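[1] model this:
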Amino acid sequence: MFRIFLISMLSLAVISISLAQTKNFIDQPYIEVVGYADTLVTPNLIYIKIIIDEKASRDKISLEEQEYKMISTFKNLGLNTEVDLTTSDMLSNYKFYFLKKKDIIKTKEYILTVTSAETASRVFMQLEDLGISNTSIHKVDHADLENIKNLCRTKAIQNSFKKAVAMTKPLAQTVGNAIYIAESDNHFENQINSQLTGIQVDGYSSREKAKYEPPKIEFEKIKVSSILNVKYVLK
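    Below you'll find the predicted structure:
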């Protein structure tokens, strides 16, 4: 019986301490501010989707031959096809489609990863030369995105402190320690929308290839931002 009584008293003590801590937190004078920071970064991971269609190819070249020529071309561009080129259909490398009960279309889909807009431009033009036109930008990304997000968080917390100081200076008060920090959803805005600016693939084969150089192109930059809600003690 005494043991039960002792446990009950200890439980009440713990609850009382917790309530006191909560009350102390609420009763402290504090200032609440929002810190914000953002930055724009140029994508350095560009994913190109390529679909080879045997029936739709020029002169009905087999899919395997198109694949061989494409891989050879990528290697000539200095790309590591063993790492940078993957097939998106992991269950089966090939897909078959039946048309008009007799025709069979065999297709294969790839994702090629490049690290610059200039390389992407050269890839598109080389694919056009090979008669492979079913291509598009799948997505873009940045290899160091997590570190960039953390830098935004650091700048956001610094901005929140500067804001708190500016707001309390006319009151002859000082800003103390942060007693509460909460992060709103960080924003990662991919503004590219699968579009390239400054490049036109169609009709390239009709130009004088020996004199033609890929235009300087750029992707729209990725916006990374951080929003923090911070409470500082007022002294």
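
[2] can you show me the helices along this protein?
    2-27, 63-76, 81-84, 117-129, 145-168 (DSSP state H).

[3] ranking those helices by mean pLDDT, which is last?
    In terms of average pLDDT, helix 2-27 trails the rest of those, at a mean of 51.

[4] distance of Phe74 relative to Leu234?
    62 Å (CB to CB, to the nearest Å). Yep, even glycine has a C-beta here, placed from its N, CA and C like the rest.

[5] what does Ala182 give?
    Relative to Leu234, and taking CB to CB, Ala182 is found at 19 Å.

[6] neighbour-wise, which of those two wins?
    Taking other CB atoms under 10 Å, Ala182 and Leu234 do not tie; Leu234 has more neighbours (15 against 10).

[7] ok, that one touching Val165?
    No - contact status for Leu234 versus Val165: not in contact, 11.2 Å apart, counting by CB atoms under 8 Å.

[8] now do the domain split for the protein, please.
    28-43+143-235, 45-141 (automatic domain parsing).

[9] which ones are touching Ser116?
    Contact analysis of Ser116 by CB atoms under 8 Å, 6 or more residues apart in numbering lists Asn44, Ile46.

[10] hmm, I typed the wrong one, I wanted Glu67.
    Listed by CB under 8 Å, 6+ apart, the contact set of Glu67 reads Ile52, Lys108.

[11] now do Met70
    Ile50, Ile52, Leu127, Leu130, Ile132.
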